[in-house]
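Q: predicted model, plus sequence, below.
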Amino acid sequence: MSHEVLLETPIKILFLAADPSDAARLRLGQELRDIDEQLRQSRHRERFSIVSRESVRPRDVSQAIFDVEPRVIHFSGHGLESGELCFENGSGRIQPVSPEALAKLFELVADQVECVLLNACYSEIQAKAIFQHIPFVIGMSRAIGDKAAIAFSVGFYKALGANRSIEQAYKFGCVEIDMEGLSESLTPILYSRETSRKYKTSWEIVLRATIEDLDEQKLEYILELLRQISGDPSITLKRIEKGSVRLNLEGSPEGFDRIKKLFEEGQLAELIEIEVQAVGLYRPDQGDSLNLKERGKGPQSLDSLPSSNPSSNSDPILCCYVNTSSQIQIARISNIPGWYFERVVFPGQRVLFETISEAQLEIYTGMISNAILSDTIPCPRLIIEEENSPAWKTT
C-alpha cells in the first residue's frame, strides 16, 4: 500500500515503550508527550490517534497489536549492538528480542501494519529484518542520544500530521536533529519500498587500492557497509574500473547524497576501512573496466549485441544464465570475432543477454585475479523465448 493511501484514511499509532531498570534511563515519557502534542496541533489531527503501552514485555507486543490494530508502530527504548531490542521481563529487567523473532511477528501482521519506527540504538538490524514484510521501516544505524531521538520523532510526526509522505516525514525528522544543533542526523535509516521503485542514479567511489586488494569477501563487505550507512538496501555494483579502483554503483539519489556527505565529512574511509579518494556521479571513461550487473536472485537487464552484428550469417538469440553455485562467477564470450562479452555473476543472480548461435559461454569461478575456467556452455542451450520474457531494457 502506498504512502498516499496511508495518509488518506484514519491512522492509529501504537507507541511501545520499554525502559528496563538495569539500563540507562530514557526520557520516553517526554517523547510520547511531544509526539502527541505535534499530532494534536497538526492540520490533519483528526486523522490520527495514538495509543501507548509502557514497560512492554515481549508477550505484550502481539496483544497490543490485536487490541489497537495500528497502521504505524513506534518502539522507543534500548537496542543492543548485536541487533536485539530490549523489552522488559517480569522483574522489569532487560529481556532482549532478536531481529528474527520480531520479523516473524511482523510477517503475521503485514496486511495491517504499514510503517514501523524503531527509535532505539542499533535498531537498523531489526529494521532490515522487518522490512522483508513491512513497506516502511525506520531504524538507527548506531547509538543515538535522547535529544536526537526525541527530535527525530518530533520532526517525523510533525510532517506526517501535515499530510507529508512517510519518506518526506523521515527527511523532516533528520532535519529536526540538525535544527537542534546535534550531529546525529545520519543515524536514522529508512527502508522503503517506494524508494526502491524510484529512479536509480549511477555514482562512483574511487579507492586507493588495486583490483587484487578487492577479493570476494572484501567486496561484499564494502557493499554491505555502503547499503547500511546510506540507508539504501538497493545499492548494487555495476562496474569495476582499474587503476585507482573505481566502483561504479547504482542506487537511490538519497543514498548517494548520504554517502557523499560522509565522504565530505571525512567519515567514509573510516567506516569502510579503506582510503577513499573521491565520491561523485558516474562518468564513464575509456579505461579498462569490468561490467557488473545487479546482485541477488532477481532477473537482470538485457545486454544487447552491438548495432553492427558480429556475424551477418546468424540471427541474434536471447539467452539466460543463472549462477546456481555459492561462489561468484565470471561469464564470458570470447569466440565471436569483433565482439566480447563479460559479466560478474553473483550467487543466485541471473543474466539475460543477446548473442548468436555460434557463441560459447565460458564460466569462470572466483574473482578476476584468480578465476578458473569451470564450464563451457553452447549458448543455444541457454535460449529463452523472447515473447515470454519481461520487457527488459537495453543497457
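A: Cool, got the structure.

Q: state the pLDDT value of Phe152.
A: Confidence at Phe152, expressed as pLDDT, is 97.

Q: can you pull the contacts of it?
A: Going by CB atoms under 8 Å, 6 or more residues apart in numbering, Phe152 touches 119, 144, 173-174, 176-177, 188. Every C-beta, even on glycine, is put in place using the N, C-alpha and C of the backbone.

Q: any chance of JSON lines for those, columns secondary structure?
A: Shown next, in JSON lines, are the contacts of Phe152 (DSSP: H, G, I helix; E, B strand; the rest coil):
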{"residue": "Asn119", "secondary structure": "strand"}
{"residue": "Ile144", "secondary structure": "coil"}
{"residue": "Gly173", "secondary structure": "helix"}
{"residue": "Cys174", "secondary structure": "helix"}
{"residue": "Glu176", "secondary structure": "helix"}
{"residue": "Ile177", "secondary structure": "helix"}
{"residue": "Pro188", "secondary structure": "strand"}
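
Q: which of the residues you listed count as buried?
A: 119, 144, 173-174, 176-177, 188 (16 or more other CB atoms under 10 Å).

Q: format those residues as CSV; extra columns: distance to Ile336 and pLDDT.
A: Listed next are those as CSV, based on distance: CB to CB, whole Å; pLDDT from 0 to 100:
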residue, distance to Ile336, pLDDT
Asn119, 57, 97
Ile144, 55, 94
Gly173, 54, 96
Cys174, 51, 94
Glu176, 58, 96
Ile177, 55, 96
Pro188, 50, 93
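
Q: where's Leu226, which helix or strand?
A: Per DSSP states H and E, Leu226 falls inside helix 216-230.

Q: next structured bit after that helix?
A: strand 236-241.

Q: state the mean pLDDT of that following strand.
A: Mean predicted confidence for strand 236-241 is 73.

Q: dump whichever helix or strand comes after that strand to PDB, keeping only the CA atoms.
A: Sequence-wise, the next helix or strand downstream of strand 236-241 (DSSP H and E) is strand 246-251. Provided in PDB are the C-alpha atoms of strand 246-251 (Å, rounded to 0.1, in the frame of the first residue of the first chain):
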ATOM      1  CA  ARG A 246      36.600   2.900  -9.200                       C
ATOM      2  CA  LEU A 247      33.500   1.200  -8.000                       C
ATOM      3  CA  ASN A 248      30.500   2.200 -10.200                       C
ATOM      4  CA  LEU A 249      27.400   1.800  -8.200                       C
ATOM      5  CA  GLU A 250      23.700   2.200  -8.700                       C
ATOM      6  CA  GLY A 251      21.100   3.200  -6.100                       C
END
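
Q: same for strand 246-251, what does it pack against?
A: Contact here means 3 or more CB pairs under 8 Å, 6 or more residues apart in numbering; DSSP states H and E; on that basis strand 246-251 packs against strand 201-207, helix 216-230, strand 236-241.

Q: the last one to strand 246-251, inter-axis angle?
A: If I follow you right, that is strand 236-241. Put simply, strand 236-241 runs at 160 degrees to strand 246-251, going by axes from the mean of the first three to the mean of the last three CA atoms, to 10 degrees.

Q: got the angle for strand 236-241 vs strand 201-207?
A: Computed by the same axes, to 10 degrees, the angle between strand 236-241 and strand 201-207 is 50 degrees.

Q: adjacent strands (with direction) for strand 236-241?
A: According to DSSP bridges, strand 236-241 forms sheet pairs with strand 246-251 (antiparallel), strand 289-291 (antiparallel).

Q: if I average pLDDT within each of those strands, which one is lowest?
A: Among those, strand 289-291 carries the lowest mean pLDDT, a mean of 38.

Q: hang on, the earlier thing: would CSV of the contacts of Phe152 with distance to Phe353 be doable?
A: As requested, the contacts of Phe152 are arranged in CSV below (distance: CB to CB, whole Å):
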residue, distance to Phe353
Asn119, 46
Ile144, 45
Gly173, 43
Cys174, 41
Glu176, 48
Ile177, 46
Pro188, 40
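
Q: let me see the domain layout of the protein.
A: 3-192, 201-291, 302-388 (automatic domain parsing).

Q: for Pro347, which three-state class applies?
A: Secondary structure state of Pro347, per three-state DSSP, is coil.

Q: so it makes contact with Val322?
A: No: in this structure Pro347 lies outside contact range of Val322 using CB atoms under 8 Å: 10.0 Å.

Q: ok, back up a step: send the alpha carbons of the helix holding Leu226 over as PDB?
A: C-alpha atoms of helix 216-230 as PDB (Å, rounded to 0.1, in the frame of the first residue of the first chain):
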ATOM      1  CA  GLU A 216      35.300 -11.500  -3.000                       C
ATOM      2  CA  GLN A 217      35.000 -11.200   0.800                       C
ATOM      3  CA  LYS A 218      36.200  -7.600   0.900                       C
ATOM      4  CA  LEU A 219      34.000  -6.600  -2.000                       C
ATOM      5  CA  GLU A 220      30.900  -8.000  -0.300                       C
ATOM      6  CA  TYR A 221      31.900  -6.300   2.900                       C
ATOM      7  CA  ILE A 222      32.200  -2.900   1.300                       C
ATOM      8  CA  LEU A 223      28.900  -3.200  -0.500                       C
ATOM      9  CA  GLU A 224      27.000  -4.300   2.600                       C
ATOM     10  CA  LEU A 225      28.600  -1.400   4.600                       C
ATOM     11  CA  LEU A 226      27.500   1.100   1.900                       C
ATOM     12  CA  ARG A 227      24.000  -0.200   2.000                       C
ATOM     13  CA  GLN A 228      23.800   0.100   5.800                       C
ATOM     14  CA  ILE A 229      25.400   3.600   6.100                       C
ATOM     15  CA  SER A 230      23.400   5.000   3.200                       C
END
